[in-house]
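**Q** I'll drop the sequence and a predicted model, then ask my questions.
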Amino acid sequence: MDAVKDLEYLREDPCIVIDEVSMRYRVPSSEAPAADDTSSGTARLLRRVMAKPNLVTVNALNPMSLVAVRGESIGIVGRNGSGKSTLMKLISGQVKPTKGAVYAVSTPVMLGVNAALVPELPGDHNVVLGCLAMGMSKAQIAEKFDEIVELSGLEKAIHLPMRSYSSGMASRLRFAIAASIDPEILLIDEALNTGDAQFADRSKKRMDELRGKAGCVFLVSHSLDTILEMCTRVVWIDKGDLLMDGEPKAVVNAYKDFTRHLSKGNNISAAKIRTDAMESLTVTRVMERSTGRRSMRTH
């Protein structure tokens, strides 16, 4: 890695600082230790099923640093199991990193996390519940209600129980609720892939408004078109490693080349793309000023 970005000089107004964060889990595994795996067939299978699970270490995220500044919309791409959702949970404060720290200028709003919705209740009731859960007053809810319904695009379906909604309809409602409070930091994990072109236009407009109010947005999505359409910067994570961080088209193209080679069985070519990406990555080094940014909070 041949370049280093120094936060003190290049990141004057950050919203989020991720400082050498890593995440490890200890999870049970039914795989038998190699030394004990001497039998075969049914006996080996039964022993594995009946045996007490072994605890194994899973490296969900390897040490990485990122800085998000005001006005950015950052897309996160990567294969399933690469650590995208883990990173979002760390940013939102749902879990604490094994090592390192995450700092935020305000409490990040995770789409769907703060909206405590009840499937048995109609959408309009859930709007009220979700907004109350995010700390809005009744007067604020009344002021924002029509905007929330309009953004969701649910129209008369807003009066139907949420259990009758498709996954896309429920995602749109969650986004509309979460985005209603003008959060400084909004986290969206796979919630905009609804296939609804009109909603895509509305949600992009809303995200642009949030960024225009000096906020920042993190978006995890498998839809690369959504990433390119809505993000000003893209981060590529693979198997817990940060591989690329930069201009959306360049990162998405590299990721597409990587997955295309994998799908064709060209593992050597895919590995080279991965290696080249890591070697060209500009490392962010977080340095504390003598005056400090003590106003930023750590999760």
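**A** Received the coordinates, thanks.

**Q** Do you know the pLDDT at A178?
**A** If you check A178, the pLDDT there is 80.

**Q** Would you quantify the distance from it to S166?
**A** From A178 over to S166 the distance is 19 Å, taken as CB to CB, to the nearest Å. No exception for glycine: its C-beta is placed from N, CA and C like everyone else's.

**Q** Looking at the two, which has the bigger crowd around it?
**A** The neighbour count for A178 versus S166, taken as other CB atoms under 10 Å, is higher for A178 (24 against 11).

**Q** Spell out, range by range, the strands that occur in the chain.
**A** 3-6, 14-29, 54-69, 73-77, 99-104, 109-110, 185-189, 216-220, 233-238, 241-246, 282-285, 297-298 (DSSP state E).

**Q** among the ones you listed, which is nearest I227?
**A** strand 73-77 (3.9 Å; CB to CB).

**Q** Which strands and helices lie in contact with the closest one?
**A** helix 84-92, strand 216-220, helix 224-230, strand 233-238, helix 248-263 (3 or more CB pairs under 8 Å, 6 or more residues apart in numbering; DSSP states H and E).

**Q** neighbouring strands for that strand, and are they parallel or not?
**A** The strands beside strand 73-77 in its sheet (DSSP bridges) come out as strand 216-220 (parallel), strand 233-238 (parallel).

**Q** In a markdown table, list those along with mean neighbour count.
**A** Output for the strands paired with strand 73-77, formatted as a markdown table (neighbours: other CB atoms under 10 Å):
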| stretch | mean neighbour count |
| --- | --- |
| strand 216-220 | 26 |
| strand 233-238 | 23 |
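
**Q** Please name whichever of those is nearest to S269.
**A** With CB to CB as the criterion, S269 lies closest to strand 233-238 of these, at 14.8 Å.

**Q** Measure how far the closest one is from the centre of its chain, please.
**A** Computed by CA atoms, centre = their mean, to the nearest Å, the chain-centroid distance of strand 233-238 equals 11 Å.

**Q** Could you shift the numbering so residue one becomes 20, and keep it that way?
**A** Noted, 20 is the first residue going forward, which turns the last one into strand 252-257.

**Q** what residues does it touch?
**A** With CB atoms under 8 Å, 6 or more residues apart in numbering as the test, strand 252-257 has contacts from 80, 85, 91-98, 101-103, 106, 246, 261-267, 270-271, 273-274, 277, 293, 296.

**Q** Extract the CA atoms of that strand and return them as CSV.
**A** This file holds the C-alpha atoms of strand 252-257, laid out as CSV (Å, rounded to 0.1, in the frame of the first residue of the first chain):
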residue,chain,number,x,y,z
ARG,A,252,-18.0,7.5,-3.5
VAL,A,253,-17.8,3.7,-3.3
VAL,A,254,-16.1,1.3,-0.9
TRP,A,255,-15.4,-2.3,-2.0
ILE,A,256,-15.0,-4.9,0.8
ASP,A,257,-14.2,-8.6,0.3
